[in-house]
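In: Here is the input, now give the coordinates:
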Amino acid sequence: MEELAEPKRVDQDEAEAPEANGPKAMEYVEMSLPELRALDPGKTVFMMSVSPIEVHGPHLPVGTDVFISDNLAERYMAELHKRQPHLQFVRLPSLYIGSDALPVAGSLSVPAVHLEGVLRAYGKGLAEQGFRYLFVADNHGGPRHQMAVEAAARALWRKYRFYLIDAFGTDFRYMVQHNAKFMSTTGLGPGACGDDPDSHAGTNETSLMLACSPRHVSEDYRSVRASLPPARRGAAKLVGGLARMLRLLGGRTLGRDLDHLANTLAWVSDPHMIPYMGDPSKATREAGEAMLAARVEVAMDLFERALAGGTESESTREPVHITPMLWGLRIMRKLPE
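Out: Residues are numbered from 1 along each chain as shown. The predicted model follows:
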């Protein structure tokens, strides 16, 4: 059997570990029962990475989403420690699970109902010990994935007044909606990374990986050709037409949501689908660092509101993180996967 050659990786120093200047997080799986009981529930924040194993083009590993999430988790804790040094941090094991992974060989996806069940079970286990906060680091924008996280968050709030907070739903909404503050902070703009044609393993995620884990990036990323959404047909064309009509009538928010959905439908239904979308060759570590810094700021707003007891929606009194349009399509969680 022919021996496979080791792929060449980017020759860069590993990204600086954020935890070097942050708190010393305790590892949940290493703690004894007396140590768990000694934790102050009001001052203890549990942190967990949750994302699927998913193909990210020819230049990034299938663990890309979790590698980015793990790095974000450390940055979240470091920044929270600066702002609220009295907090204690406990790391739960990273979960390499998620829904709506790219439907190509190499991806491993679970039904949304299973993801929701795992998150609800973890939250229930912590809530029954008296704890109140589980903050999630995530880097996967699959619609049913995000809805499963949101459903778990709502269920845990209703039953236990427990906060499960995932900032990525807000990050993703800001990118799709071209939120001016978020885009300017990251140095992005329409047509650049963060925009729809760059939604998977393109400039955006390759830049993030160069900042988070450059040793996992193939040096061939500089020669990977740009991949744009294919022509819209069938349902994608219908949704795209509706998006254009809404935007002409002034419904820019819903129009952009539907335009993103149309691009995604066209991409995943293409029989010749290329497993990335965007231009990896334009990625830079500097852009990745800027995006990470902006995402940390978004997360701090959500986390600090939770710690102050104020993330509930005034209408539902429940944590709300994702676009109302996406939540309105929650029936999608019941469709076959």
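In: Need the per-residue pLDDT for the nearest residue to Pro58 once chain neighbours are set aside.
Out: Here the nearest residue to Pro58 in space, its sequence neighbours aside, is Val224; by CB to CB, 6 or more residues apart in numbering that works out to 6.4 Å. Heads up, the C-betas are built off the backbone N, CA and C, glycines and all. Looking at Val224, its pLDDT is 95.
In: Point out where the chain drops to low pLDDT.
Out: For the chain, applying pLDDT under 70 flags the ranges 1-8, 10-22, 187-197, 310-337.
In: Just the strands from this structure, written as ranges.
Out: Ranges of strands in the chain, per DSSP state E, are 26-27, 44-49, 88-91, 133-137, 163-166.
In: Mean neighbour count and distance to Cys212 for these - can I get that in TSV?
Out: TSV is the format used below for those (neighbours: other CB atoms under 10 Å; distance: least, CB to CB, whole Å):
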stretch	mean neighbour count	distance to Cys212
strand 26-27	14	20
strand 44-49	23	12
strand 88-91	21	17
strand 133-137	25	11
strand 163-166	25	18
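In: how about these, which one is nearest Met291?
Out: Of all the strands of the chain, it is strand 133-137 that lies closest to Met291, at 14.1 Å by CB to CB.
In: Strand 44-49 and the closest one, what's the angle between them?
Out: 20 degrees (axes from the mean of the first three to the mean of the last three CA atoms, to 10 degrees).
In: just checking, what packs against strand 133-137?
Out: In terms of contacts (3 or more CB pairs under 8 Å, 6 or more residues apart in numbering; DSSP states H and E), strand 133-137 is packed against strand 44-49, helix 64-83, helix 112-127, strand 163-166, helix 285-307.
In: residue contacts, Val110?
Out: Going by CB atoms under 8 Å, 6 or more residues apart in numbering, Val110 touches Pro52, Ile97, Gly98, Ser99.
In: Surely the last one and Arg144 touch.
Out: Meaning Ser99. Yes: counting by CB atoms under 8 Å, Ser99 touches Arg144, with 4.4 Å between them.
In: returning to that earlier point: okay, the strands of the chain in JSON lines with distance to Val296 next?
Out: Output for these, formatted as JSON lines (distance: least, CB to CB, whole Å):
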{"stretch": "strand 26-27", "distance to Val296": "21"}
{"stretch": "strand 44-49", "distance to Val296": "13"}
{"stretch": "strand 88-91", "distance to Val296": "15"}
{"stretch": "strand 133-137", "distance to Val296": "10"}
{"stretch": "strand 163-166", "distance to Val296": "14"}
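In: so which of those gets nearest Thr186?
Out: With CB to CB as the criterion, Thr186 lies closest to strand 133-137 of the strands of the chain, at 17.6 Å.
In: Just checking: what are the partner strands of that closest one?
Out: For strand 133-137, the paired strands and their directions (DSSP bridges) read strand 44-49 (parallel), strand 163-166 (parallel).
In: residues touching the most centrally placed residue in the chain, list them.
Out: When CA atoms, centre = their mean is applied to the chain, the residue found nearest the centroid is Asn139 (2.3 Å). For Asn139, the contact set (CB under 8 Å, 6+ apart) comprises Ser51, Thr64, Asp65, Val66, Ile68, Ser69, Leu72, Phe168, Glu205, Leu208.
In: please redo it, this time with the cut-off set to 10 Å
Out: Contact analysis of Asn139 by CB atoms under 10 Å, 6 or more residues apart in numbering lists 49-52, 54, 64-72, 98, 168, 171-172, 205, 208, 212, 295.
In: ditto for Ile68
Out: 49, 51, 60, 137-140, 168, 205, 208-209, 211-213, 288, 291-292, 295.
In: Would you mind measuring from it to Ser281?
Out: Distance, Ile68 to Ser281, using CB to CB, to the nearest Å: 19 Å.
In: same check, this time on His272
Out: Relative to Ser281, and taking CB to CB, His272 is found at 21 Å.
In: and the two? which has more neighbours close in?
Out: Under the criterion of other CB atoms under 10 Å, the comparison of His272 against Ser281 puts Ser281 first, with 16 against 5.
In: How about that one, nearest residue that isn't a chain neighbour?
Out: Per CB to CB, 6+ apart, closest to Ser281 is Arg222, 5.2 Å.
In: Pull the number of nearby residues for that neighbour.
Out: Arg222 has 13 nearby residues by other CB under 10 Å.
In: for it, what are its contacts?
Out: Counting by CB under 10 Å, 6+ apart, Arg222 has contacts Val10, His59, Thr206, Pro280, Ser281, Lys282, Ala283.
In: biggest separation within those, which pair?
Out: Val10 and Lys282 (14.7 Å).
In: coming back round to it: kindly indicate which of the contacts of Arg222 lies nearest Gly309.
Out: Using CB to CB, these come closest to Gly309 at Thr206, 38.7 Å.
In: Does that closest one touch Gly278 like I think?
Out: Yes: between Thr206 and Gly278 there is a contact under CB atoms under 10 Å: 8.0 Å.
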